[in-house]
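Undergrad: following is a predicted model, sequence given first.
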Amino acid sequence: MQTKIKRKNIWDLMFVAPACVLFFVFIILPFLQGIPYSFRDWDGFSPQINWVNFKNYINIFKDRMIYSSSWHTLQFTFVEVVFSNVFGLLFALGVKRKSKTNNILRTLLFMPFVISMVLASFIWSYVYSDVIAPIFNTRSILGNTTWVMTGLGFISVWRDAGYCMVIYIAALNAIPSSFYEAASIEGATRRRQFKSITIPMIVPAITANVSLLLSWGLKVFDYPFSITGGGPGTASTTINLYIYNNIFGFYHAGYGQALAIIFTIVIFLITTVVAKTLRSKETEL
Amino acid sequence: MKKILVILLATFVVASSLFANGKPEETSKTEDGKTVISIMHYMGEETKRNGLKTLCETYTSIHPNVEFEIQAVPYSQFGQQLQTKIAAGDVPDVIGGRPRDFKQFVNAGHIEALDGQSFIKDLPESFKNEMSLDGKVYGIPLDYSIKGVFYNIDMFNEYGIEVPRTYNDFIKVLDTFEAANQIPFARPFKDTNAPETDFKGSFHVTLAKQNPTMWEEIATGEKHITDFPIFKEELTKYVKRMSYSSFDDYAYDGSRALQIFAAGEAPMMINGAWITGDLLSLNPDGNFGCFPIPWSNNPEDNQYEVKGDDAMMVAKGSENKDIAIDFINFVGSVEGANIWMDKARLIPTNVNVVADETMPTLLKELSSNLANGWGCSSANVLELTGEPKAIYRQALHALVGSENLKSDLDGFIEQLDKDLTSALAK
């Protein structure tokens, strides 16, 4: 009996092994290799490297840009998580039934997700300046220091809402129709059915989408890098872009590495806490 | 168990094939034994890229055993990519850029000193100084960077406007356009470096004459910007210039803004001579001129900011250093300079090359103005580099779009000082 269990465990491990190997080689190993650099003053190319102990980590707390770039990152993440999920769920509710029209609509709505982030950035850069701005007789939102992160956030919503829709369609179609039939007989309105049946039954999908989009949002780099370069001024400089600038543009590779390590830990903590909280809600509901 | 072993073995083989290959073998030779010289540059203008291509093709026609691999990188990513290539040991043979803009790489010993090369004797003295660090020459500039106000002569005539030679006259010109509901400038402020280029066009002329060591003193932490009242004075004039009605400046990059100017939608564009080739390609029948940015009421103070542009350096770690240096000498020769003038449509730096009849009128005018003493070399102004430069650039980028910052220049300068101090302490 025990041999059978052991054999099953080995089989299970075999399935996750390739993913684990890739994760170790491309994520864990570079992360560990980067730790020693975070205690040095390396400029990123010189052979001369000096130990500076915790200076890089101490400087993080004195750096004004950390606070502003964190705020920009959070603004983007909020728009990305909230609106991608809301639109994703609305799209899913609209096209969940199988029909030819819905199949075409599903493809169209999912299509932006297939487009690369950089291409999406260029498309929207022109949409904001040459389409939306003239219609509303205003200037591009990407040139406004207050609203630039919201503008970038909606590009990601346009791209990722289709992805959320696919997850939600799967979750919606897994809800037994008998639940709704019973509720109708009991006299529940559509709104009540949505609140008391649909939402509780799709919480696992919400958990998956929110956790994933949260980590995507916190790691945002491509959109500000390719559209605004972090500007106007530094109004769209996110944490990841700031890390990149320190390592490559400012010749502070050691400081950038220290920032990257701290940021990785912060993302891990935030996503873990949020995912755990949402999973606990799954059981409650 | 056998199955498990087979699957484990298969996983190992797949993983090995994925990761065991390592770095592919780099070679600077083609299959038929020709030497390949790699060039990395950030020339954004099509005419310049064509000029470089022609220079390489001509060199290959003289030396059939040499071929070129040209890699164009956007200016905003050039330093990063070069840094990555150097760190990875994959440094290009010829590197575009001024030595002083990449002094970290020069100081770290990655750039070859070019003292004694034949091109140097044909360079104007100011360019020799500009291409030098610690007394050694590290680069060759292909042409003159001349910053000024490019203007549409026909539009000036249409509004009955004379070319301004003083600051007060310049303001009157702007007022005239404003009164006629004509946006005066095409500005490429989507590019983060553009507001700095705009500001430098007049400010560095002032610095070259009055405080050439300002940025050096700030970079060493000896002084702060607040110690230089000239900065606020010039910034005030700059903000005044920015206050005139404009397009959606943050939405337009260099090429879009140039299209607007070339098409006659705006009468002026503050920029460098590097735009002339593309400007004349976009509108071959256009009637354009260029005057120095008027920052003073003394006409003699107002000069073009002049520097060497499109510089090239040779990597110390290049396997083909001798050929790369020979190519640099060819580029700096009379033949190379003529090719550059013809294709890139810019004023070459070789003192033995003179403007001929085929040179566009705009360049002839610029060339003649320089000969008449309208140019001021800012070679003695050593600029900031690395993070301080980025902070300064980003601050100016934010300033041009923010009414709050414009209305509190003291606060703006104070914050800029704080940020520079913080960056220098890292």
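TA: Done, it's in. No experiment lies behind these values; they were computed from the predicted model shown. Residues are numbered from 1 along each chain as shown, chains lettered A, B, ... in the order given.

Undergrad: tell me the residue of chain A that sits nearest chain B?
TA: In chain A, the residue found nearest to chain B is A:Gly233; the distance is 2.4 Å by CB to the nearest CB. Every residue, glycine included, has its C-beta placed from N, CA and C.

Undergrad: need the pLDDT of the residue in the stretch 301-426 of chain B that chain A sits nearest to.
TA: Relative to chain A, the nearest point of the stretch 301-426 of chain B is B:Ala398 (2.4 Å; CB to the nearest CB). Listed pLDDT for B:Ala398 reads 94.

Undergrad: quick one: the nearest residue to B:Pro124 once chain neighbours are set aside and B:Leu142, what's the gap?
TA: Sequence neighbours aside, B:Val351 is the residue nearest to B:Pro124 in space, at 6.0 Å (criterion: CB to CB, 6 or more residues apart in numbering or on different chains). Distance, B:Val351 to B:Leu142, by CB to CB, to the nearest Å: 14 Å.

Undergrad: now swap in B:Cys56 and tell me
TA: From B:Cys56 over to B:Leu142 (counting by CB to CB), the distance is 13 Å.

Undergrad: who has more neighbours out of the two?
TA: When B:Cys56 and B:Leu142 are compared for neighbours, B:Leu142 comes out ahead with 27 against 21, by other CB atoms under 10 Å in any protein chain shown.

Undergrad: quick one: low-confidence parts of the stretch 1-150 of chain A?
TA: A:1-2 (pLDDT under 70).

Undergrad: how about the residues of it near chain B?
TA: Within the stretch 1-150 of chain A, the positions adjacent to chain B are A:7, A:10-11, A:14, A:17-18, A:21, A:25, A:43-48, A:59, A:62-64, A:128-130, A:133, A:139-140, A:142-145 by CB under 8 Å from any CB of the partner chain.

Undergrad: hmm, back to that, just confirm the residue of the stretch 301-426 of chain B closest to chain A is within a helix.
TA: Yes: counting by DSSP: H, G, I helix; E, B strand; the rest coil, B:Ala398 is found in a helix.

Undergrad: find the nearest non-adjacent residue to it, please.
TA: B:Ala398's closest residue in space is A:Gly233 (CB to CB, 6+ apart), at 2.4 Å.

Undergrad: in three-state terms, label the one you found for me.
TA: From three-state DSSP, the assignment for A:Gly233 is coil.

Undergrad: can you give me the distance of it to B:Phe291?
TA: Applying CB to CB, the value for A:Gly233 to B:Phe291 is 30 Å.

Undergrad: what of A:Phe91?
TA: Noted for A:Phe91: a distance of 57 Å to B:Phe291, by CB to CB.

Undergrad: same deal with B:Ser255?
TA: The gap separating B:Ser255 from B:Phe291 is 23 Å, by CB to CB.

Undergrad: who's more crowded, these two?
TA: Between B:Ser255 and B:Phe291, counting by other CB under 10 Å, B:Phe291 is the more crowded of the two (20 against 15).

Undergrad: quickly list what that one is bridged to.
TA: On the basis of DSSP bridges, B:Phe291 is bridged to B:Val149.

Undergrad: surely it and B:Val163 touch.
TA: Yes: contact criterion CB atoms under 8 Å: B:Phe291 and B:Val163 qualify, at 5.0 Å.

Undergrad: for B:His224, give me the backbone phi and psi.
TA: Backbone torsions for B:His224, taken as degrees, to the nearest 10, come to phi -120, psi 170.

Undergrad: who's in contact with the residue nearest to it when sequence neighbours are not counted?
TA: Distance criterion CB to CB, 6+ apart; nearest residue to B:His224, sequence neighbours excluded, is B:Asp417 at 4.5 Å. With contact set as CB atoms under 8 Å, 6 or more residues apart in numbering or on different chains, B:Asp417 has these partners: B:His224, B:Ile225, B:Thr226.

Undergrad: surely the residue of chain A closest to chain B and B:Ile391 touch.
TA: No: counting by CB under 8 Å, A:Gly233 does not reach B:Ile391; the two are 9.9 Å apart.

Undergrad: more neighbours: which of the two?
TA: Between A:Gly233 and B:Ile391, counted using other CB under 10 Å, the more crowded position is A:Gly233 (25 against 22).

Undergrad: any idea how far A:Thr145 is from that one?
TA: For A:Gly233 relative to A:Thr145 (CB to CB), the value is 7 Å.

Undergrad: so for the two, which residues contact both of them?
TA: Residues touching both A:Gly233 and A:Thr145 (CB under 8 Å, 6+ apart) are B:Ala398, B:Gly401, B:Ser402.

Undergrad: so the last one sits against A:Gly143, correct?
TA: No: using CB under 8 Å, B:Ser402 is not in contact with A:Gly143, being 10.8 Å away.

Undergrad: just want to know which of those two has more residues nearby.
TA: Set B:Ser402 next to A:Gly143 and count neighbours by other CB under 10 Å: A:Gly143 wins out with 24 against 18.

Undergrad: the more buried one and B:Lys103, how far apart?
TA: Distance, A:Gly143 to B:Lys103, by CB to CB: 33 Å.

Undergrad: ok, now A:Asp43?
TA: Applying CB to CB, the value for A:Asp43 to B:Lys103 is 12 Å.

Undergrad: so who does the residue of the stretch 51-200 of chain B found nearest chain A touch?
TA: Of all residues in the stretch 51-200 of chain B, B:Gln80 sits closest to chain A, at 3.6 Å by CB to the nearest CB. Contacts for B:Gln80 (CB under 8 Å, 6+ apart) come out as A:Tyr244, A:Phe248, A:Gly249.

Undergrad: recalculate using a threshold of 10 Å.
TA: A:Gly44, A:Tyr244, A:Asn245, A:Ile247, A:Phe248, A:Gly249, A:Phe250, B:Val73 (CB atoms under 10 Å, 6 or more residues apart in numbering or on different chains).

Undergrad: next, count neighbours for the last one.
TA: As a burial measure, B:Val73 scores 18 neighbours (other CB under 10 Å).

Undergrad: now do the fourth one
TA: When neighbours are counted by other CB under 10 Å, A:Ile247 registers 25.

Undergrad: show me what contacts it?
TA: Residues near A:Ile247 by CB under 10 Å, 6+ apart: A:34, A:37, A:42-44, A:253-257, A:259-260, B:80, B:83-84.
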